[in-house]
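what follows is a predicted structure for the sequence shown.
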Amino acid sequence: MTFTAFAQVRLRIYEEMLADPEVLRSHQWPHNLELLERVRQNGCALGLATMSDCEQARRVLDVLGLSAHFDFVATRDDVDHPKPHPEIYLLVASELDVSPAECLVIEDSPSGVRAARAAGMGVIAVTTPMTRQAFREEDVLDRRWVVDDSAELPAVVLECIVAHQDKHVGGSCHYTTPFFVLLFVGFVAATFWEYEPVRPVP
């Protein structure tokens with residue numbers, strides 16, 4: 001299968017998933033959502049930088065009741081250059097009025113990781129069935145910041161914050177550190193390739 005054909009299949013499945021609210025709800029990543037709630041409760045600013053279009057992103061957030069969770073949402077409609085260009089992350093940082101160096105990005109793809117790093121931000125990668133092999137083959141990030149099991153994400157974020165504080169302020173770790181967490185719409189939609197749409201029997 002060519003890349004174009006593969007991309008079309010992915011897009012069709014993604015659109016089927018977006019069309020069914022119950023499918024979206026059943027494909028949430030609870031540990032990622034737990035992290036989202038935790039950082040909100042601790043006063044961190046939250047942004048969303050996604051290469052989904054505005055309508056797709058809005059639908060996912062509305063269905064999951066997350067529309068009010070983010071201080072700013074940027075989609076591919078807001079930028080001229082897609083990831084791995086850093087434009088979308090720099091836009092979110094600018095809108096949040098924070099330095100890129102004080103941003104922590106949670107990503108699920110090598111291109112997203114490259115975009116975050118090019119923006120000068122800290123980044124943690126949560127691999128998926130579709131991106132796991134690419135992360136193993138490509139040296140895009142220190143392996144300690146690559147998470148294969150999303151259940152480990154909160155602990156890895158905490159470790160990253162400690163490392164950031166040790167480097168910049170030498171203090172103890174709290175979630176109220178001046179790190180601002182940027183999340184990706186893939187914290188839900190990245191599981192769409194595990195969704196097996198029901199096909200009519202011929």
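Structure's in. What do you need?

tell me the SS of the residue nearest to Pro100 when sequence neighbours are not counted?
Distances taken as CB to CB, 6 or more residues apart in numbering put Gly120 closest to Pro100, at 4.2 Å, once the chain neighbours are dropped. No exception for glycine: its C-beta is placed from N, CA and C like everyone else's. Per DSSP: H, G, I helix; E, B strand; the rest coil, the secondary structure class of Gly120 is coil.

what sits against Gly120?
Contacts here follow CB atoms under 8 Å, 6 or more residues apart in numbering; on that basis Gly120 touches 86, 100-101.

any idea of the mean pLDDT for stretch 100-118?
What stretch 100-118 shows for mean pLDDT is 90.

in that stretch, what counts as buried?
By neighbour count on 16 or more other CB atoms under 10 Å, the buried set for stretch 100-118 is 100, 102-118.

then it to CSV, C-alphas only?
Extracted C-alpha coordinates of stretch 100-118, given in CSV (Å, rounded to 0.1, in the frame of the first residue of the first chain):
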residue,chain,number,x,y,z
PRO,A,100,9.1,28.0,25.1
ALA,A,101,11.7,26.9,27.6
GLU,A,102,9.0,26.7,30.3
CYS,A,103,6.7,24.4,28.2
LEU,A,104,6.4,20.7,28.4
VAL,A,105,4.9,19.0,25.4
ILE,A,106,3.2,15.6,25.5
GLU,A,107,3.4,14.1,22.0
ASP,A,108,2.7,10.9,20.2
SER,A,109,4.6,11.1,16.9
PRO,A,110,8.3,11.6,15.9
SER,A,111,7.3,14.7,13.8
GLY,A,112,5.5,16.2,16.8
VAL,A,113,8.6,15.5,19.0
ARG,A,114,10.8,17.2,16.4
ALA,A,115,8.4,20.2,16.3
ALA,A,116,8.5,20.6,20.1
ARG,A,117,12.3,20.3,20.2
ALA,A,118,12.7,22.8,17.4
